[in-house]
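Trainee: From the sequence below, what's the structure:
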Amino acid sequence: MILQSVVDLVAICAKKGIQNAILSPGSRCAPLTLAFVRHTQVHTRTISDERSAAFIALGMAQQLEEPVALVCTSGSAALNYYPAVAEAFFQQIPLLILTADRPAEWIDQYDGQTIFQPDVYGKHVKGSFELPDTGNNPDQLWHSSRIVNEAINLAKQFPAGPVHINIPLREPFYPGKDEKIEFPEKPRVFNQEHTYVQLSEDSLKRLSLRLQSFSKILIIAGQQKPDKEIQSIVDQLSKEKKVVIITDTISNLQSDQTISLHDHWLGNPELSQELEPELIISFGKSIISKSLKLFLRKTQASHWHVQEDGKAKDTFQRLSRTIPSHPVFFLNWLATELKAQNQDYQNSWKALEQNTKSALSELLEKTEFGEYPALAFCLSKTPPLSKIHVANSMAVRYLNLLGKRKQEIICNRGTSGIDGSNSTAVGCTFTTKEVVTLITGDMAFFYDRNAFWHNYAIPNLRIILLNNHAGGIFRLIDGPKNQPELEEYFETKQKLTAQHLATEYGFFYSKVINQHELELALEDFYSPSLHPKILEIETSSPDNAEILKSVKEKIKLSLEN
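Mentor: This is a model prediction of the structure:
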């Protein structure tokens, strides 16, 4: 039997620009699967592990900036989407989650594959919807179409994010032998126009007057995709207005005009005394640097946060104004309105940046082999016109410590979990022919090994695996590093390597344990190939902790002198 409400749903998705669907096998979701597969304008892929499937969809939507549809069967399958749904919510990535379900009367009646699916994602979706469980008359079809339109519009509306449609389906739901799916040529579609908030003249006058009282302004760019227009404005503000621009690696706004090595000195009170701002202006999403957050929370600065919907984001506990504006509009206004700031203040930051850059480069060349210098060397060989996916924990912290990058940097900093890093990178490869480099630690890598359990070619994927056979970050955190249970219960030591995984999935694989082997392995690591490549850098967790500690101490001494 062909269910017209499901057919209409897929037609509406295609009409509203959803061109990709990630499907996971199941029987209850068969009507959705068949409709998506048979629609000529939707590219479908099947991923068996729902947790991986959701992160792959997230990785695609992250790049496409359009919703990707997710389809799964009823029961616990929907729960496996949850980590990626939460990540998408806090990273503001649009997903259309379609969960097949049993009719309501069969829930909690010892029937198979049944859980309480309506509103299952709670506050981690922008909206939860449920289609009628029958579609026998025009009013029900109209109702279903209206719900689908509302859900997709909501996913796209700022801030973008995941939405959930639960779809109870009654048997029979497989088409008969001679039945054909006929998609409507003109499905019922209504779109929602995006309206940018425009600050009033009175608001701008008040902001202008307030600006005159500040001479030390610090602008902080949070996580976002590369934006040439914003890059141009922040560079102009730094050059002409002498404001300080801080850019973590995930801001994708690092340049010669911005501060990117701040993690090396902000934890040092002696070096931070002259750096306190009078005004903090922030835009974008999260930042990585804990030392920056702690430093600013101790200041007496005012904080203005710029965001289109004007919602309060009080990361530094200094929030004094929320500014409902697109960052481009506000920064352009700031560039024309702001008078030149205290150049001594900017010089203090830039001197620390330049001295750290010089000291770090020299130290990493001389230090013994370990994750930190090895990753620095790998990055020197990474194609500039490419994308870097970086896992959480130590991988992203190393990247942030190493400063300015030319590549687009992508990281799941919505919830900052290690789950789904591989899958998100795989999703990215589905959207581009550029090289995608995944930089990951061993815990994140092995946790998400099902990312590669599918039938699709990903020849542009390169994986740099930092394998210290433990969760090395816990050696750097004061609490766990001093506990006798460190190795067993925090680091969770393991003996795995990626060799067997590479053989199983047909990846090219090399493992290195010293600088000479690393240099040889990188000679052809980025050359084109028919298969992905894994470069495993095997090191010792205690040694890595000592190397990082030593480099930090030597930089501190060089800056103090």
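
Trainee: centroid residue for this protein?
Mentor: When Cα atoms, centre = their mean is applied to the chain, the residue found nearest the centroid is Asn412 (3.2 Å).

Trainee: okay, that one: pLDDT?
Mentor: Listed pLDDT for Asn412 reads 97.

Trainee: How about the secondary structure of it?
Mentor: Secondary structure state of Asn412, per DSSP: H, G, I helix; E, B strand; the rest coil, is coil.

Trainee: what's near enough to touch it?
Mentor: Shown in contact with Asn412 (Cβ atoms under 8 Å, 6 or more residues apart in numbering): 58, 87, 91, 392, 420-421, 424. (C-beta placed from N, C-alpha, C; glycine too.)

Trainee: In this structure, where's the longest helix?
Mentor: Among the segments of the chain that qualify as a helix by DSSP state H, the longest is helix 343-366.

Trainee: Flag every buried residue along that helix.
Mentor: 345-346, 348-350, 352-353, 355-356, 359-360, 363-364 (16 or more other Cβ atoms under 10 Å).

Trainee: Likewise for stretch 284-301?
Mentor: Applying 16+ other Cβ under 10 Å to stretch 284-301 flags 284-289, 291-293, 295-296, 299, 301 as buried.

Trainee: hmm, which two among the contacts of Asn412 are most spread apart?
Mentor: Spanning the widest gap among the contacts of Asn412 are Leu58 and Asn392, at 14.2 Å by Cβ to Cβ.

Trainee: and the angle for the helix or strand following the longest helix of the chain with helix 343-366?
Mentor: Using DSSP states H and E, the helix or strand that follows helix 343-366 in sequence is helix 371-381. Put simply, helix 371-381 runs at 100 degrees to helix 343-366, going by axes from the mean of the first three to the mean of the last three Cα atoms, to 10 degrees.

Trainee: Which strands and helices lie in contact with helix 371-381?
Mentor: Helices and strands touching helix 371-381, by 3 or more Cβ pairs under 8 Å, 6 or more residues apart in numbering; DSSP states H and E, are helix 343-366, helix 394-401, strand 461-467, helix 515-521, strand 533-538, helix 541-560.

Trainee: Show the residue spans covered by the helices in the stretch 1-150 of the chain.
Mentor: 4-15, 30-38, 50-64, 76-80, 82-91, 138-156 (DSSP state H, counting those that start in this stretch).

Trainee: ok so, going back, among the buried residues of stretch 284-301, name the ones in helices.
Mentor: Using DSSP H, the buried residues of stretch 284-301 in helices are 291-293, 295-296.

Trainee: re earlier: and of the helices and strands packed on helix 371-381, who's closest to Asn191?
Mentor: strand 461-467 (35.2 Å).

Trainee: Would you map the strands across the stretch 101-250 of the chain?
Mentor: Ranges of strands in the stretch 101-250 of the chain, per DSSP state E, counting those that start in this stretch, are 127-130, 162-168, 217-221, 244-247.

Trainee: In its sheet, which strands sit next to the longest one, and in what direction?
Mentor: In other words, strand 162-168. If you go by DSSP bridges, strand 162-168 pairs up with strand 95-101 (parallel), strand 127-130 (parallel).

Trainee: got the CA coordinates for that strand in CSV?
Mentor: Coordinates of each C-alpha in strand 162-168 appear next as CSV, following Å, rounded to 0.1, in the frame of the first residue of the first chain:
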residue,chain,number,x,y,z
PRO,A,162,17.2,20.1,14.2
VAL,A,163,13.5,19.4,14.1
HIS,A,164,11.7,16.1,14.7
ILE,A,165,8.7,14.7,12.9
ASN,A,166,7.4,11.4,14.4
ILE,A,167,5.4,9.4,11.9
PRO,A,168,3.1,6.6,13.2
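
Trainee: ok, the closest residue to Thr424 other than its chain neighbours - contacts?
Mentor: Taking Cβ to Cβ, 6 or more residues apart in numbering, and ignoring the residues beside it in sequence, Thr424 has Gly59 as its nearest neighbour in space, at 3.9 Å. Going by Cβ under 8 Å, 6+ apart, Gly59 touches 389, 423-428, 430-431.

Trainee: ok, and the most crowded of those residues?
Mentor: Among the contacts of Gly59, Gly427 has the most neighbours (other Cβ atoms under 10 Å), with 33 neighbours.

Trainee: thought Thr249 was touching Arg397?
Mentor: No. Assessed by Cβ atoms under 8 Å, Thr249 is found out of contact with Arg397, at 9.6 Å.

Trainee: who touches both of those two?
Mentor: Residues touching both Thr249 and Arg397 (Cβ under 8 Å, 6+ apart): Ile288.

Trainee: Looking at these two, which has the bigger crowd around it?
Mentor: Per other Cβ under 10 Å, whichever of Thr249 and Arg397 has more neighbours is Thr249, with 27 against 20.

Trainee: number of nearby residues for Ala21?
Mentor: Ala21 has 26 nearby residues by other Cβ under 10 Å.

Trainee: so Arg413 sits right up against Gly284, yeah?
Mentor: No. Using Cβ under 8 Å, Arg413 makes no contact with Gly284, being 10.8 Å away.

Trainee: Mind listing the shared neighbours of these two?
Mentor: Residues touching both Arg413 and Gly284 (Cβ under 8 Å, 6+ apart) are Gln223.

Trainee: For the nearest residue to Glu308 once chain neighbours are set aside, give its distance to Ser282.
Mentor: Excluding the flanking residues, the one nearest Glu308 by Cβ to Cβ, 6+ apart is Phe158, at 5.1 Å. In this view, Phe158 and Ser282 are 17 Å apart by Cβ to Cβ, to the nearest Å.

Trainee: picking up where we left off before, between which two of the buried residues of stretch 284-301 is the distance greatest?
Mentor: It's Lys285 and Thr299 that sit farthest apart of these, by Cβ to Cβ, at 21.6 Å.

Trainee: Can you tell me the closest non-neighbouring residue to Phe430?
Mentor: Counting by Cβ to Cβ, 6+ apart, Met60 is the residue found nearest to Phe430 once chain neighbours are left out, at 5.5 Å.

Trainee: And the pLDDT at the one you found?
Mentor: Residue-level pLDDT assigned to Met60 equals 98.

Trainee: What of the one 4 residues further on?
Mentor: We have a pLDDT of 97 for Leu64.

Trainee: any idea how far Glu337 is from it?
Mentor: 35 Å.

Trainee: Neighbours of Glu278, how many?
Mentor: By the criterion of other Cβ under 10 Å, Glu278 has 17 neighbours.

Trainee: Please apply the same query to Ala457.
Mentor: 12.

Trainee: For the contacts of Gly59, give me JSON lines that also has distance to Lys16, secondary structure and pLDDT.
Mentor: Formatted as JSON lines, the contacts of Gly59 follow (distance: Cβ to Cβ, whole Å; DSSP: H, G, I helix; E, B strand; the rest coil; pLDDT from 0 to 100):
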{"residue": "His389", "distance to Lys16": "28", "secondary structure": "strand", "pLDDT": "98"}
{"residue": "Ser423", "distance to Lys16": "25", "secondary structure": "helix", "pLDDT": "98"}
{"residue": "Thr424", "distance to Lys16": "24", "secondary structure": "helix", "pLDDT": "98"}
{"residue": "Ala425", "distance to Lys16": "27", "secondary structure": "helix", "pLDDT": "98"}
{"residue": "Val426", "distance to Lys16": "25", "secondary structure": "helix", "pLDDT": "98"}
{"residue": "Gly427", "distance to Lys16": "20", "secondary structure": "helix", "pLDDT": "98"}
{"residue": "Cys428", "distance to Lys16": "23", "secondary structure": "helix", "pLDDT": "98"}
{"residue": "Phe430", "distance to Lys16": "20", "secondary structure": "coil", "pLDDT": "98"}
{"residue": "Thr431", "distance to Lys16": "19", "secondary structure": "coil", "pLDDT": "97"}
